[in-house]
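Visitor: Quick one, fold the following:
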Amino acid sequence: MEFEKLQEIIADVLAVNAEEITMDTTFVDDLGADSLDIFQIIMGIEDAFDIEIDNEDAEKIVTVGDAVEQIKNAKN
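Guide: As a prediction, this is how the structure comes out:
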């Protein structure tokens, strides 16, 4: 469930096809996201999942899978 919702957020922010996004997709190398894009995605994650990701954890997010792990960790 987290992954599908995350796909929608990423696709919306970066204007890419959600079906192209996998757990192994990297934000910078594969999707061409810059720091502002990543910030917008993290804000979208925080709003959609009603969680807070601190800056230290946000800096560790490189792939979509990393973001899913952050969501799961923040919910526990």
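
Visitor: ok, now how distant is residue 71 from residue 16?
Guide: 19 Å (CB to CB, to the nearest Å). C-beta here means a position set from N, CA and C on the backbone, and glycine is covered the same way.

Visitor: higher neighbour count, the two?
Guide: residue 71 (20 against 17; other CB atoms under 10 Å).

Visitor: Next up, the contacts around the more buried one.
Guide: 2, 6, 45, 49, 51 (CB atoms under 8 Å, 6 or more residues apart in numbering).

Visitor: where does it land on pLDDT?
Guide: Looking at residue 71, its pLDDT is 93.

Visitor: Then residue 9?
Guide: For residue 9, the model assigns a pLDDT of 97.

Visitor: could you list every residue that touches it?
Guide: 41, 44, 45, 48.

Visitor: hang on, the earlier thing: selection in PyMOL covering whichever of the contacts of residue 71 are buried, please.
Guide: Only the buried entries of the contacts of residue 71 go into this PyMOL selection, using 16 or more other CB atoms under 10 Å:
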select buried, resi 2+6+45+49
